Every structure is written in C-alpha cells, then in structure tokens.
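task: produce atomic coordinates for the following.
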Amino acid sequence: MSKELAKTDEAKAVVPIIQAKTYITEIAPKFLEVKGLKLQFEKEFGFAMQILRKNNSLLSIAVQDKIELQTAIINVALTGLSLNPVLKYAYLVPRGGKICLEPSYMGFIKILTDAGSVNQVWADVIREGDSYQVHRGTHPRIEHGYNLQDTRGEIIGCYAVALLADGTTQFEVLQKVEVDNIRRRSMGGTVWTTDESEMYKKTAIRRLFKYLPKTEIPEETLNTLSVFDSNHEFEETDNSVKGVNNSKEKARLLAFLKAPGTTAEMLREKRAEFEKHGLEKELNHELLEFAEGAE
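Numbering: from 1, shown residues only. Next up is the predicted model:
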C-alpha cells in the first residue's frame, strides 16, 4: 500500500513538470520569429526547466497561468538575456502571484553595452563608514572609496555610472530612503532580503537607464523593458495598500496589452482579469486592432 501511495505522489509531482514543458514548447515558433534573435530556444528551454525543477513554489505559480509563463519565455528572446544561471543576466521570479522574467543589473548593463548606447556601466552600494562625495552643478561627479581592512556598515545609498561613447559620464545616486520607497511599492518579495546589494545596484541602474541614449536599442526590447517596470517601480496613486496594489495590477495589464509577443489569443484568455480592473475598453480596442490587421 505504501509503495502504491509513493508511486501516486511521484506521478502527481511529475504533472506540473509536464505542463510546464508543454506550455513552453508551444511558443517555440514565436520565440524563433523574434527579429535579430541571438539565443537558441533549446538551450533557454533547458535553463527554464532547470530553474522550475529546483523551485516547486515557482513551478506551481508557473503552471497556474500558462500565458504568463509563455510571456516570460518570449521576453527572454525579446531582450536577448539568457536564463543561463552562470551568466546571471535574468531570472524567472514570482511577482504578485505570477511568474515573470526579471533582468539582473548585469542584464541591464548587457542591453546597454550590446546596443552601443554606452561603452561601460557600473554600479555600487554606499555603506556606513565609506568615504564619498556627490558633486552636482556645472561639474557633476561622484567620489566613493573604502578601506578593505575596515568593516563596512549598513547600506545607506547606491549609485550607477555610465561611460558614454563621447567619453563623458552620467550618473545617478539614490539615498536609502528613496530605494526603500521603491522597495515598498515593488513586488520584489524576498529577493530584497536575499540579494539586497544586487537589488540596490539594479535600482540605481534602472533609474539611470531612463536618462541614457537608447536610439540603438531595438524597439521590441524597450517595449519589453516597460513590462519589467510595471513589476518593479510605480508611482503611488493611493495611500491604501489596496489602492497601490490595484494600480500595480493595472499597470502590469496595460504593459502586457502592448508587449511584443502578446497575441489576440493571449488577450482573450485574460479577459476576466482586464474586466476585473476596469480595462475592458482597452482590451476590446486592442483586439479590434488585431482583427483589422488580420484582414
């Protein structure tokens, strides 16, 4: 009897793995259609399954929403950021009960440098006890240093610097209170605890990214990055938790509406979510455009 129960449990454990494989395999043709694709579907499929097999919680979230999982994989192709765990360019993570692709700060740097928008980008955190000075005005610059033999304190801020093609630099500095506000509004979950330093750096790079030249970055990549922003940083429009969460969900759905790789079928399957958040008009308008484009 115990052996039969064990076999039943094993069979149940295999079901979500098979579901995930099926969902991802379904969008292989769309993945391969992405303009300028530099990644191999078979490899990214393998990386994705490796990630899901190691995290039962993430796997459970992934198979509960087929469209979100497929969108996350399509976004791998659109951004050119591999899921290879060695490279650490991007991750599959849960956000608001859904799975999505989340670029690391190294992933953002790769997008900028690959496009030739900048020659180099770097970021760091500032800790208590570090020496630092931020100069604004007509000769802006930032100075930061610390003694390797000293014990560095808690994080009090962060910054990102970009070396542009003309040899000039541009930087962005955030105080801890600013990052904490973003952290409070984000759907970052436990990653802010497990990878605090990286999240600070990524926040600084995201902020700097807004002000850097992007003419050489493909439009599809930029549109996809807007979806990431809908999962990361929002302007608060309501002081209540319910109001803020509702604003986040609306932003996510609107970004999904215009995201590269979104199909009419995907939108129809999410109709209930759009209607729940009062976005039925926007959804119908987009579906009408799909219909007219197919004529």
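
show me what contacts the nearest residue to R152 once chain neighbours are set aside?
Distances taken as C-beta to C-beta, 6 or more residues apart in numbering place R127 nearest to R152, at 4.2 Å, with adjacent residues excluded. (C-beta placed from N, C-alpha, C; glycine too.) Shown in contact with R127 (C-beta atoms under 8 Å, 6 or more residues apart in numbering): 146, 152-156.

can you check A123 too?
With contacts defined as C-beta under 8 Å, 6+ apart, A123 is in contact with 105, 158-161, 201-202, 204-205.

from Y146, how far out is it?
When distance is defined by C-beta to C-beta, to the nearest Å, A123 is 15 Å away from Y146.

do Q170 as well
Q170 is 23 Å from Y146, by C-beta to C-beta.

likewise for Y89?
28 Å.

so which of the two has more stuff around it?
More crowded of Y89 and Y146, by other C-beta atoms under 10 Å: Y89, with 22 against 14.

what's the pLDDT at that one?
Y89 is assigned a predicted lDDT (pLDDT) of 96.

wait, it sits on S82?
Yes - under the criterion of C-beta atoms under 8 Å, Y89 is in contact with S82, at a separation of 5.6 Å.

now do the strands in the stretch 151-295 of the chain.
Using DSSP state E, counting those that start in this stretch, the strands assigned to the stretch 151-295 of the chain run over residues 155-164, 169-175.

where does pLDDT dip in this structure?
The chain contains residues with pLDDT under 70 at 1-13, 187-190, 227-248, 260, 294-295.

any idea how it splits into domains?
Domain assignment for the chain by automatic domain parsing gives 2-104, 118-213.

span of the shortest one from start to end?
Just to be clear, that refers to domain 118-213. Terminal residues of domain 118-213 are spaced 8 Å apart (C-alpha to C-alpha, to the nearest Å).

adjust the sequence numbering to begin at 659 for everything that follows.
Okay, using 659 as the starting number, the last item reads as domain 776-871.

and the helices in the stretch 809-953 of the chain?
Assigned by DSSP state H, counting those that start in this stretch, the stretch 809-953 of the chain shows helices spanning 834-843, 849-852, 854-867, 877-890, 899-916, 922-927, 929-934, 938-952.

what does the stretch 659-808 of the chain give?
Using DSSP H, counting those that start in this stretch, helices in the stretch 659-808 of the chain cover 660-684, 686-690, 699-712, 714-722, 724-737, 763-773.

what distance do you get for L822 to Q828?
For L822, the distance to Q828 - C-beta to C-beta - is 6 Å.

just T851 next, same as before
Separation of T851 from Q828 (C-beta to C-beta) stands at 31 Å.

check C758 too.
Counting by C-beta to C-beta, the gap from C758 to Q828 is 28 Å.

have a look at the two and say which one is more surrounded.
Taking other C-beta under 10 Å, C758 and Q828 do not tie; C758 has more neighbours (24 against 16).

what is the burial count for the nearest residue to the more buried one once chain neighbours are set aside?
Of all residues not flanking C758 in the chain, A730 sits nearest, at 5.3 Å (C-beta to C-beta, 6+ apart). A730 has 25 neighbours, counted by other C-beta under 10 Å.

quick check: A730 touching R753?
No - assessed by C-beta under 8 Å, A730 is found out of contact with R753, at 9.9 Å.
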